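Asks: got a predicted structure here, sequence first:
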Amino acid sequence: WQPRVLRRGMHDLPASLAEKAKSLTKKFDESTINWYPGHMASAVKVIEQKIKASDLVLEVRDARVPLSSACGKLEKLLLNRRHLILLNKADKISEQDQSTWKDYFAQRNQPVHFTDAANSKGVLDLLPPGLKEMEVAHFKKDMAFVAMIIGIPNTGKSTLINALRRFGHKDKEGKSRRNANKVGARPGVTRHVSVIQFYKDPPAHLIDTPGIMNPKRESGLAVLRLALTGAIKDEVLEPYELAEYLLYVLNAAKQYAYVERFGLEGPTEDTQMLLQAAGEKMGILMSKKEAERRGIRVWERAKVLVDVDRAAAAVIKLFRQGDLGLFVLDDVGE
């Protein structure tokens, strides 16, 4: 068996995935999914007003999808404004990929900074002294510095803000305050625009905003990528369908950690075989009676019955944690 060369365009997807991508585009175009809920529309109006008072806009993106996770809805508002892209979850991609994407944005005169907010890496550089050193912001004497933080859902904005407060906002005893924002793996935790102080001298404030998606819908391929990283609610895609796409990108990127992890003899293009092996390895089993009742697909060569949907969800979780390889889903040629 020979792995495919890494190809990322929708026309290069296997037929079943290409059809799924097309159906997703149609599904979103017909607004059958709550892609742009009311709180996002309200937040955009407030952002349009408050961005004028911001000295710097921090756009948080997922390093695994540095293009697909762009906050396209606010693109026009960023014109002629100081704008720093934060590629968060940088621990989920390789150092080589970090170098590649740093060059990509440098060629476009776009400042970019890598962070791993969950582990507080790269965060100190975002406090006023670090921003001055990067020369991405001006600080006016005797005036508070205001930065706005934006991004699509689940890129780690709240985690980043909490890390900034821990580093930059101490109490009289020199202890960090408690986390200011709710943090969760489910997209859309933050639902309102708020202002948070994250540094005392010089005084610096963050305008926090909820995750904003594009109301004009993404392409089906972008939906697959965003769903795989958790930016879109898991209800959008069936776990099996997303696992099918995940297996494709793992093979295309020559990331074969799944082979040893799930006890396979070698790489495979058979999603059912992957999930059967994963389910057996992780003990995600079910009875024949339950399989028949739920209409679960069963691999014809299976010796034990695996709950395929739960196995798919578990494999996807492993990818999101970085346990199946470190790589970028987007391509610099796009």
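Replies: Great, that's in hand. Residues are numbered from 1 along each chain as shown.

Asks: once you drop chain neighbours, what's closest to the residue most central in space within the chain?
Replies: The centroid of the chain falls nearest to residue 62 when counting by CA atoms, centre = their mean (4.1 Å). Computed as CB to CB, 6 or more residues apart in numbering, the closest residue to residue 62 that is not its neighbour in sequence is residue 69, at 4.4 Å. C-beta: built from backbone N, CA, C; applies to glycine.

Asks: got it, and residue 105?
Replies: Nearest in space to residue 105, with sequence neighbours left out and distances taken as CB to CB, 6+ apart, is residue 112 at 4.2 Å.

Asks: the helices in the stretch 201-334 of the chain, which residues?
Replies: 220-229, 239-252, 257-261, 271-282, 288-294, 308-320 (DSSP state H, counting those that start in this stretch).

Asks: I'd like those helices laid out as TSV, including mean pLDDT, distance to residue 80 and mean neighbour count.
Replies: As requested, the helices of the stretch 201-334 of the chain are arranged in TSV below (pLDDT from 0 to 100; distance: least, CB to CB, whole Å; neighbours: other CB atoms under 10 Å):
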stretch	mean pLDDT	distance to residue 80	mean neighbour count
helix 220-229	87	27	24
helix 239-252	92	37	21
helix 257-261	97	44	15
helix 271-282	94	47	21
helix 288-294	77	55	12
helix 308-320	95	36	21
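
Asks: which one of the ones you listed lies nearest to residue 147?
Replies: helix 220-229 (24.5 Å; CB to CB).

Asks: then that closest one to PDB, C-alphas only?
Replies: In PDB, the C-alpha atoms belonging to helix 220-229 read as follows (Å, rounded to 0.1, in the frame of the first residue of the first chain):
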ATOM      1  CA  GLY A 220     -17.500  22.300   2.500                       C
ATOM      2  CA  LEU A 221     -13.800  21.700   2.700                       C
ATOM      3  CA  ALA A 222     -13.300  24.500   5.300                       C
ATOM      4  CA  VAL A 223     -16.300  23.000   7.200                       C
ATOM      5  CA  LEU A 224     -14.500  19.700   7.400                       C
ATOM      6  CA  ARG A 225     -11.300  21.300   8.600                       C
ATOM      7  CA  LEU A 226     -13.000  23.500  11.200                       C
ATOM      8  CA  ALA A 227     -15.200  20.600  12.400                       C
ATOM      9  CA  LEU A 228     -12.100  18.400  12.800                       C
ATOM     10  CA  THR A 229     -10.400  21.000  15.000                       C
END
